[in-house]
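*Asks:* Sequence plus the predicted model coming up.
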4 protein chains.
Amino acid sequence: MLDETTKGVFTIAATPFLPDGALDFDSIDRLTDAYIEKGANGLTILGMMGEAGKLTAAESVAVVQRVVSRSTVPVVVGVSAPGFAAMSELATKAMEAGAAGVMVAPPMGLKTDAQIVGYFHNAADALGPIPFVLQDFPLATGVQMSPSVVLQIVEECPTCVMLKHEDWPGLEKITTLRGASDSGARRISILCGNGGMYLLEEMMRGADGAMTGFGYPEMMRQVVDAYLAGEVERARDIFDAYMPMIRYEAQPGMGLAIRKHSLAQQGIIAHPTLRKPGAGLSAQAIGEIDALATRQKRRLADLGL
Amino acid sequence: MLDETTKGVFTIAATPFLPDGALDFDSIDRLTDAYIEKGANGLTILGMMGEAGKLTAAESVAVVQRVVSRSTVPVVVGVSAPGFAAMSELATKAMEAGAAGVMVAPPMGLKTDAQIVGYFHNAADALGPIPFVLQDFPLATGVQMSPSVVLQIVEECPTCVMLKHEDWPGLEKITTLRGASDSGARRISILCGNGGMYLLEEMMRGADGAMTGFGYPEMMRQVVDAYLAGEVERARDIFDAYMPMIRYEAQPGMGLAIRKHSLAQQGIIAHPTLRKPGAGLSAQAIGEIDALATRQKRRLADLGL
Amino acid sequence: MLDETTKGVFTIAATPFLPDGALDFDSIDRLTDAYIEKGANGLTILGMMGEAGKLTAAESVAVVQRVVSRSTVPVVVGVSAPGFAAMSELATKAMEAGAAGVMVAPPMGLKTDAQIVGYFHNAADALGPIPFVLQDFPLATGVQMSPSVVLQIVEECPTCVMLKHEDWPGLEKITTLRGASDSGARRISILCGNGGMYLLEEMMRGADGAMTGFGYPEMMRQVVDAYLAGEVERARDIFDAYMPMIRYEAQPGMGLAIRKHSLAQQGIIAHPTLRKPGAGLSAQAIGEIDALATRQKRRLADLGL
Amino acid sequence: MLDETTKGVFTIAATPFLPDGALDFDSIDRLTDAYIEKGANGLTILGMMGEAGKLTAAESVAVVQRVVSRSTVPVVVGVSAPGFAAMSELATKAMEAGAAGVMVAPPMGLKTDAQIVGYFHNAADALGPIPFVLQDFPLATGVQMSPSVVLQIVEECPTCVMLKHEDWPGLEKITTLRGASDSGARRISILCGNGGMYLLEEMMRGADGAMTGFGYPEMMRQVVDAYLAGEVERARDIFDAYMPMIRYEAQPGMGLAIRKHSLAQQGIIAHPTLRKPGAGLSAQAIGEIDALATRQKRRLADLGL
């Protein structure tokens, strides 16, 4: 069960589809295995990158059951929904299937601090005893949470056990939140997103790891492990080797297509298909990615990786 | 089946709940009957006012089946959803249950003309042959559609048969759209929303009726009938008598609570309950509404209504 | 000098232009006189309705000097600007010219409570001892202020002496703010905007008057006076007589053109010209306004007005 | 004079202030010299990074005159303003002082294609014969321009000679625009922003150079020169060496403080002061920047730079 002490790398999982858009359960199995093999301490499914909003309620449950039954590491399930009834229904079924917890992002349109806090009160009520991750991703949701808002939710909602941190800029926020827990606020886990773009600085500010979906998920584990082993310069070397690709993936709305392309090229998923309105990659984009991958491979080899 | 020639008053239906938040099917029946008795030429269910986003997929289907089996007039079903799979699923079940068509609002976050048109292409693909209503409600969705965007959707998506018009300001838009159909563009039905706030001017600009959910739904029919009978001054007298209440209901996010209060007071629904995050009314608000209702009754009596 | 006890009707003034877009100083004089004659207890110039953003810095100062030297009632000057240097410069020149205070709206793009409070701290610093009106108009600015944010600004910025209230819905906000001052918070003046759409209810909730720019500004004074005289039913009769026009003017982005049309028709300003990107009115819109004006005149005559 | 054929690196200039917030003209001179010495083919002043909105009208003119009189390369002046009168006034004074052209960003709040095109028609009218740069920076302005919108402005406004490209993702947009000019549309200059984050890919897609303000502005020239010399791998090596810092500067709202810190540390400007509401850097941020700078220096030395 997810709790405030959870650490490490939770890889955000893509949801593989067949070319006709149907769920590709064989690829789900291979992808689950691959993520774990590449160092995931946990998985997060049905996030934005998992195209959660594009599934029917029944499909969402099917994906959860498949991944949870296959995975040997804890699985967090995104349950963001337009309303609390649907959220509660999916969360309950996920926990019955063996999930470790759920993740909730605020809906677009929330503005004031009071609106945001009120939303998470309602979500916590709807989820009952289920531990949840607070997803803080303003670039995607348009919802901007001050550190004081996060702290108020942490104080008032005891089932909030983790922050998926992807505010941007977000480094001072980590420092502020850690300062608050040093001064007596409940300390929750902070795992960082944004495709790993600031992973090393985030660890130095007090994060507990990463929760994101970079196309070479071993990066997160390599950087976090080197950092935690005290080898900061080596962590920087590894991080820098991946950075041109991290940056390329960071293009909003393109990351998933790039990742599915990489995963398909490695043979992990059968098809890079996205459901509509997701678009594929242009020939030029594929050329750019392949050029970056070639250089990345060379630089990693120089590092013995 | 809904088509381009549909006219009259489609009342947007509330979804009644029991005090514990469960669906109140008895009240659904009474409400369906009452709307029709008060002059509805059609009903629209599972719109924003119907708290559609707060229902589970199964609840949505149950509401559709109940209303459609009870109603003697055509029923339009709101099928807006985060993704096309869920939209298609609900639309298919609604049509199987006997609905006349469906309604689709663009999701928050769409910005450019091309994004909006692209969205409705995808929606039309997902809906197949099902006729749909394009909901144009920028105040709620944040999505602003130029007349040229509406016309492009009408031209490229033949299953788009109606515009639920609630842009604000929106009168020139009706004039522009009607000018375009006079010049050869396909003419679709335009039914107007915004709680009826500009109903008379909308009819004068070329609208075919109303699709909205004012708490005294007989108003829409009385105004539209008087106008169509050529009795414009009488239409204005009736319209003005209701206007203080129309204006009061127009407060964003409060309209539904006010309407459920009015419906409950008239004994049509058993409870004014809203699902979270919907809030009830303060004592002062109820006092204000009751004062308006008293004056409204008196003015309508003066008009022989 | 504006202070926390200011009451009554502050009419928001239009800025008249010649057909070529130059300032029309003769019309400024006539308009100033007319507002006062129709009952204004104060004037507010260079607000959004005053097309403030469309003037150069020098033109803004010229308008302030002209109106202040002409007016026999206190003048509030809108000083909203992209930065604090320009805000401070205009405010200083306005006070030197004899203005009673200034008005500041938050810039688009502020989101969290802390950002909003921080902005007004900086504004108050830039303004020094000049008393200012906090403009709360989310429909135009996109900035949503909780009651607690307003109260924090009132507490921390002693030169904030008035709220120009035009949140929508906003009635509960007045009640909350008045409840807070009843419980010991500093009580500031609340004058209400939104074209007067909820003026009577606002007075009943504890507002001190109106600050808005309806095309028939005598309405505000008539309604406020009748209400303060305890003649609530008469206040409602007057209010209802103007309501169809109030509602028509409420169309966002159209109000100013409608008001300039009305003012020009009454011979108060020479031309209804708006500076770009302001647009004029269609023939149909003018027909609608004239029809409303005719009925309004008749209903007012029935009331002895 | 700026025109459609302009190429190379236009460095976006910071505006130096003294610790009390006054303009620091000595630092302006040194900064102007330094930018040119580090390879700028042109300068862009009074952009967002130049804190343009924080200056009074008179200060803006003073900065323009100082930089233009000092610079040996063409100077573009940002003239974005709340209204066209102020825009026209500053643009006229800038050209009189010897500027090469001006830059215009759309104001927050524009939504539809027609609104955006209409805005630039009005801007072009206000600017008369002055050549202007269209700034396309949705992350900062919230205004999203489709390629078709840019092309329509290019077609209908002949004085639009350059696109400052910083849409994100934006690579396909360059390809689309270049495809259009290959097919007969007027070809304008495209210089790219976003702190140089995608500079190499942008050049490969058809950009003519960079217009941005990275803290080590020599990077832009080094990368562009290597690329244009056909040394793509060397361009990548240089680009990758700067990338960890580019990424760090990319944090929204922090870039300017980081750049002023770097410029002050190099002795180019006397103080890293930002005007309010700009904030300084935390000790931790400075530590992070310094660590990145140390590694960057080492990697550049390995490349003989």
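*Replies:* Done, it's in. Numbering: from 1, shown residues only, chains lettered A, B, ... in the order given.
*Asks:* Quick one: residues contacting residue A:98.
*Replies:* A:68, A:69, A:75 (CB atoms under 8 Å, 6 or more residues apart in numbering or on different chains). Backbone N, C-alpha and C define where each C-beta goes, glycine included.
*Asks:* any idea how far residue A:100 is from chain B?
*Replies:* Distance, residue A:100 to chain B, by CB to the nearest CB, to the nearest Å: 23 Å.
*Asks:* Kindly present the contacts of residue A:98 as a markdown table, with separate columns for neighbour count.
*Replies:* Putting those into a markdown table (neighbours: other CB atoms under 10 Å in any protein chain shown) gives the following:
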| residue | neighbour count |
| --- | --- |
| A:68 | 21 |
| A:69 | 12 |
| A:75 | 25 |
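*Asks:* got TSV for those, with pLDDT too?
*Replies:* Shown next, in TSV, are those (pLDDT from 0 to 100):
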residue	pLDDT
A:68	98
A:69	98
A:75	98
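*Asks:* In which helix or strand does the residue of the stretch 101-250 of chain A found nearest chain D reside?
*Replies:* Nearest residue of the stretch 101-250 of chain A to chain D (CB to the nearest CB) works out as residue A:169 at 3.7 Å. Under DSSP states H and E, no helix or strand contains residue A:169.
*Asks:* residues touching it, list them.
*Replies:* Contacts of residue A:169 by CB under 8 Å, 6+ apart are D:251, D:252, D:253, D:254.
*Asks:* Just those residues: which are in helices?
*Replies:* Judged by DSSP state H, helices contain none of these.
*Asks:* ok, so of the contacts of residue A:98, who is nearest chain D?
*Replies:* residue A:75 (30.3 Å).
*Asks:* picking that back up, gap between the residue of the stretch 101-250 of chain A closest to chain D and residue D:214?
*Replies:* 17 Å (CB to CB, to the nearest Å).
*Asks:* Kindly report the same for residue A:304.
*Replies:* 32 Å.
*Asks:* Ok, residue A:305 next?
*Replies:* To residue D:214, residue A:305 is 29 Å away according to CB to CB.
*Asks:* Those two: which has the busier surroundings?
*Replies:* Ranked by neighbour count (other CB atoms under 10 Å in any protein chain shown), residue A:305 and residue D:214 place residue D:214 first, with 25 against 14.
*Asks:* Chain neighbours aside, what residue packs nearest to the more buried one?
*Replies:* Once flanking residues are discounted, residue D:214 sits nearest to residue D:196: 4.9 Å by CB to CB, 6 or more residues apart in numbering or on different chains.
*Asks:* Next up, the contacts around the one you found.
*Replies:* Residue D:196 touches D:210, D:212, D:214, D:219, D:220, D:223, D:242, D:246, counting by CB under 8 Å, 6+ apart.
*Asks:* Residue A:87 touches residue A:123, doesn't it?
*Replies:* Yes: here residue A:87 reaches residue A:123: they are 6.6 Å apart, a contact under CB atoms under 8 Å.
*Asks:* tell me which residues of stretch A:210-230 are tucked away?
*Replies:* Residues of stretch A:210-230 classed as buried by neighbour count (16 or more other CB atoms under 10 Å in any protein chain shown): A:210-227.
*Asks:* ok, now stretch A:68-83?
*Replies:* By neighbour count with 16+ other CB under 10 Å, stretch A:68-83 contains the buried residues A:68, A:70-71, A:73-83.
*Asks:* Repeat that for stretch A:262-276.
*Replies:* For stretch A:262-276, by 16+ other CB under 10 Å, it's A:262, A:263, A:264, A:268, A:269, A:270, A:272, A:273, A:274, A:275, A:276.
*Asks:* For my notes, please list these in JSON lines and give secondary structure and pLDDT for each entry.
*Replies:* Shown next, in JSON lines, are these (DSSP: H, G, I helix; E, B strand; the rest coil; pLDDT from 0 to 100):
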{"residue": "A:262", "secondary structure": "helix", "pLDDT": "92"}
{"residue": "A:263", "secondary structure": "helix", "pLDDT": "93"}
{"residue": "A:264", "secondary structure": "helix", "pLDDT": "94"}
{"residue": "A:268", "secondary structure": "coil", "pLDDT": "95"}
{"residue": "A:269", "secondary structure": "coil", "pLDDT": "97"}
{"residue": "A:270", "secondary structure": "coil", "pLDDT": "98"}
{"residue": "A:272", "secondary structure": "coil", "pLDDT": "96"}
{"residue": "A:273", "secondary structure": "coil", "pLDDT": "97"}
{"residue": "A:274", "secondary structure": "coil", "pLDDT": "97"}
{"residue": "A:275", "secondary structure": "coil", "pLDDT": "97"}
{"residue": "A:276", "secondary structure": "coil", "pLDDT": "94"}
